[in-house]
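**Q** sequence and computational prediction follow.
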Amino acid sequence: MLCAKGDRSAQKELYNRYAARLGALCSRYANGPEEGMDLMHDTMAKAFGKMGQYRYRGEGSLYSWLSRMAVNLCVDRLRKEGRLGVQVPEDGIPDIPDPPAEEVRAVPLQDLQAMIASLPDSKRVVFNMFCVDGFSHREIAEKLGITEKSSSSTLARAKKMLSRMIQEYKKNEDGRLD
C-alpha cells in the first residue's frame, strides 16, 4: 500500500475518504467537535505511522481498523485525563427498561445525538461503545480497565438518564432541551 510507504497523495486520499466518518465517531466520545477533530487527526497520524501493520480482510476492513484505533485513542485520552470514573453502585445493577422505541423515534436525530453528547464522560463512552459501535461488555471492560459488571451498570445508568431526557423532551411543547 502506498500509504505505508509515505506517499503523500495516497495519504491525502485516505484522509479525504475517512476523515468525516472518523471525525463523527471521535466526536461521540469527545467533549465537543473541536476535541473530536483533534482525536480524528491523532487517529489519522497514528494510522499513517502504522499502515504497514494493516492487513486487508475484506470490504470495510480498513474503516474497521481505523475506527478501532480511533475508539482506543479516545478512550486512552479520557482515561489519562481521569474522566472515566466508572463504578458499580453498591445496590448492584438496576433493571432499567429501554425507553419505548416509538418515543425514541419521535425525537429528531440531532436532538437525540445532543442528549447522548450531554451524558457524563463515562456513561457516554460506555453507551457509545455498546449501543453505537457494537462492543461487548467484555471488550468494554478490557478497554476501560473495569469489570463487565461495571460496564453493564454504567450502560444501565446511561440509558436511565437518556430515558429521562427523552421524557422531558416530550413534555416540552416546543421540543427544545432544557
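**A** Arrived safely, thanks for sending.
**Q** give me phi/psi at Ser67?
**A** With angles defined as degrees, to the nearest 10, Ser67 sits at phi -70, psi -40.
**Q** show me the chain divided up by domain.
**A** Domain assignment for the chain, taken from automatic domain parsing, gives 3-80, 101-171.
**Q** output the below-cut-off pLDDT ranges for this protein.
**A** Within the chain, the stretches with pLDDT under 70 are 1, 85-100, 173-178.
**Q** for whichever helix in it runs longest, buried residues please.
**A** Secondary structure of the chain per DSSP state H: the longest helix is helix 148-171. Neighbour-count burial for helix 148-171 flags 150-163, 165-166, 169 (criterion: 16 or more other C-beta atoms under 10 Å). Every C-beta, even on glycine, is put in place using the N, C-alpha and C of the backbone.
**Q** cool, and stretch 23-33?
**A** Result for stretch 23-33 [16+ other C-beta under 10 Å]: buried residues 23, 25-30.
**Q** check stretch 3-10 too.
**A** Across stretch 3-10, burial judged by 16+ other C-beta under 10 Å covers 3, 10.
**Q** what does that stretch contact?
**A** Contacts to stretch 3-10, defined as C-beta atoms under 8 Å, 6 or more residues apart in numbering, come from residues 1-2, 11, 14, 47-48, 51-52, 54.
**Q** and for stretch 119-133?
**A** Residues from elsewhere that reach stretch 119-133 (C-beta under 8 Å, 6+ apart): 25, 28-29, 31, 67, 71, 74-75, 78, 83-86, 116-117, 135-137, 139-140, 143-144, 151, 154-155, 157-159, 161-162.
**Q** helices or strands next to the longest helix of the chain in the packing?
**A** Other helices and strands packing on helix 148-171, by 3 or more C-beta pairs under 8 Å, 6 or more residues apart in numbering; DSSP states H and E, are helix 101-105, helix 109-117, helix 121-127, helix 137-144.
**Q** switch to 6 Å and redo it
**A** If you count contacts as 3 or more C-beta pairs under 6 Å, 6 or more residues apart in numbering; DSSP states H and E, helix 148-171 packs onto helix 121-127, helix 137-144.
**Q** and the ones you listed, which is most packed in?
**A** helix 121-127 (a mean of 22; mean count of other C-beta atoms under 10 Å).
**Q** and the helix or strand harbouring Glu34, what's buried?
**A** Per DSSP states H and E, Glu34 falls inside helix 33-50. The neighbour-count check on helix 33-50 (16+ other C-beta under 10 Å) flags 35-40, 42-44, 47-48 as buried.
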